[in-house]
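[1] here are the coordinates; sequence isn't available:
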């Protein structure tokens, strides 16, 4: 098992550095940087030269990447080009709100999707099955930004039930109740966007389990349908868990857009703001956090596969 973990880690490391290298050089291709937008010193040619020298933009791109990489090895993500604040401190302020939004949406999706998918498998062609199909269709058919705009229009503009932006009301001290009130709409969008795959996978896994021999044996022994369904759902949780973990990169990407639309003060809105202001130091810092999150999730998923199915470990070690 240790050899298997080492092998997966050695695979993830070059992927991580490949991502940072690709993003760094793609940012270099952007037509304008922060000095062209004026920055702190204004937009004259002389001030641009001073600013480029201060930020190190007058050096070759390869040298700048190696300098940034050296700082990363020492746990330093650099400073914001616009404010001069440490990027790590700015990201640390935004991680909490992002986790609240994404975590709430994912938990709601799990709590709703698993029972709905199980009910759809238990009663095919019933109202639960139709509801599961509608949920999957909406989740797959409507991207996050469209769901966000539709939610704002219906619940904020037409019905006036929920706020359309921010994490707390303006001028308040930020109570838990106020947070929940502002969280309902954006977390609902994340939940609906995440439910489709979970519902479909739960329904498929439960249907497959219901056709197994041990389920027929359980019915022959006189177990009730609820007890039989409980056994089928228990054996279906592993593929559902796999779906949840493999879906996290998509959820993170969708949450970035949701945060921007709802003005949620998370890493997504920080990333959009940094791109608009050409603050590429922040862009690289957020890239590191997202890449580590996605690669860490994939690593956990691989380890779960290896623990559950020893054949996976033997195949990987034998390569």
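    Received, thanks. Everything quoted here is computed from the prediction, not taken from an experiment.
[2] gap between residue 211 and residue 219?
    12 Å (Cβ to Cβ, to the nearest Å). The way it works is simple: take the backbone N, C-alpha and C, and place the C-beta from them, glycine included.
[3] can you pick out the residue with more neighbours from the two?
    Between residue 211 and residue 219, residue 219 has the larger neighbour count (other Cβ atoms under 10 Å), namely 14 against 10.
[4] excluding its backbone neighbours, what's nearest that one?
    residue 228 (5.8 Å; Cβ to Cβ, 6 or more residues apart in numbering).
[5] burial count for the one you found?
    19.
[6] report the contact partners of it.
    210, 215, 218-219 (Cβ atoms under 8 Å, 6 or more residues apart in numbering).
[7] and residue 221, by the same measure?
    By Cβ under 8 Å, 6+ apart, residue 221 has no neighbours at all.
[8] go again using 10 Å as the cut-off
    When contacts are counted by Cβ atoms under 10 Å, 6 or more residues apart in numbering, residue 221 touches 227-228.
[9] now do the phi/psi pair for it.
    phi -80, psi -10 (degrees, to the nearest 10).
[10] can you check residue 79 too?
    Dihedral angles of residue 79 (phi, psi; degrees, to the nearest 10) stand at phi -110, psi 160.
[11] for the nearest residue to it once chain neighbours are set aside, what are its contacts?
    Once flanking residues are discounted, residue 79 sits nearest to residue 86: 5.7 Å by Cβ to Cβ, 6+ apart. Going by Cβ under 10 Å, 6+ apart, residue 86 touches 76-80, 92, 281, 285.
[12] identify each buried residue in the strand or helix carrying the residue nearest to residue 219, please.
    Taking DSSP states H and E as the criterion, residue 228 maps to helix 225-262. Neighbour-count burial for helix 225-262 flags 228-229, 231-233, 235-236, 239-240, 242-244, 247-249, 251-252, 254-262 (criterion: 16 or more other Cβ atoms under 10 Å).
[13] rewinding a little: buried subset of the contacts of residue 86?
    Buried subset of those (neighbour count, 16+ other Cβ under 10 Å): 77-80, 281, 285.
[14] make CSV out of those residues and add secondary structure.
    Formatted as CSV, those follow (DSSP: H, G, I helix; E, B strand; the rest coil):
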residue, secondary structure
77, coil
78, coil
79, strand
80, coil
281, helix
285, helix
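[15] how many residues are close by residue 60?
    Residues near residue 60, counting by other Cβ under 10 Å: 8.
[16] any idea how far residue 195 is from residue 115?
    11 Å.
[17] and residue 186, by the same measure?
    Separation of residue 186 from residue 195 (Cβ to Cβ): 15 Å.
[18] next secondary structure after whichever strand or helix holds residue 116?
    Under the criterion of DSSP H and E, residue 116 resides in helix 87-122. Next along the chain after helix 87-122, taking DSSP H and E as the criterion, comes helix 127-141.
[19] that concludes my questions; thank you for your assistance.
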